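A.B. asks: fold the following and give me the result.
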Amino acid sequence: MSETLIPTRREVLTAAGALTLATAENAADQPPAAPRVYRIGVISASAEGKPQITNGHTWHFAQYFHSEINLAAIRKFLDPGSARGFERYLRNPRYSFDQLPFPDTRITHVYANPADGLDRYIQAFPGVRIAKGLSGD
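C.D. replies: Residues are numbered from 1 along each chain as shown. Okay, the predicted model is just below:
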């Protein structure tokens with residue numbers, strides 16, 4: 001009858017450590033993967049068929065999905081209290097724990113029907129385009 005060799009705990013731990021080191025060395029040789037950016041479209045609401053040119057949800061809540069803003073345009077188009085809020089709190093790393101705006105998201109398009117006032121939005125959020133419809137154009 002042949003004897004089955006069972007590795008000792010020391011041998012298992014040594015093998016696992018060697019495997020971990022080999023994997024770490026291979027991972028260090030490869031460049032890191034490019035960070036993925038999630039592209040987001042924003043739909044601005046209208047009230048009774050009339051556009052809300054500075055809709056608070058579109059301007060205040062969706063702004064966390066776009067890392068770059070034009071504060072001069074925000075001061076120009078929003079009321080003074082909202083502009084101060086952007087400067088003091090919404091875009092202040094002290095209050096957002098360096099987590100907001102989200103680094104891996106970008107608003108690519110904004111849509112409203114009618115599109116009144118969206119030119120202001122795209123000035124305030126560089127790189128955003130006005131969508132012609134909801135089909136992803």
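
A.B. asks: count of neighbours near the residue lying closest to residue 35 once chain neighbours are set aside?
C.D. replies: Excluding the flanking residues, the one nearest residue 35 by CB to CB, 6 or more residues apart in numbering is residue 104, at 6.0 Å. Quick note: C-beta positions are derived from backbone N, CA and C, even for glycine. When counting by other CB atoms under 10 Å, one arrives at 11 neighbours for residue 104.

A.B. asks: what about the strands in this structure?
C.D. replies: Remark: strands assigned in the chain by DSSP state E are 38-43, 46-47, 50-51, 105-111, 129-130.

A.B. asks: quick revisit: what sits against the residue nearest to residue 35?
C.D. replies: Counting by CB atoms under 8 Å, 6 or more residues apart in numbering, residue 104 touches 35-38.

A.B. asks: which of the strands of the chain sits most buried?
C.D. replies: strand 105-111 (a mean of 19; mean count of other CB atoms under 10 Å).

A.B. asks: send the alpha carbons of it over as CSV?
C.D. replies: What follows is strand 105-111, C-alpha atoms only, in CSV (Å, rounded to 0.1, in the frame of the first residue of the first chain):
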residue,chain,number,x,y,z
THR,A,105,-18.7,60.2,-14.4
ARG,A,106,-19.4,62.9,-17.0
ILE,A,107,-22.6,64.5,-18.2
THR,A,108,-22.4,64.2,-22.0
HIS,A,109,-25.9,65.5,-23.0
VAL,A,110,-28.7,67.5,-21.6
TYR,A,111,-32.3,67.4,-23.0
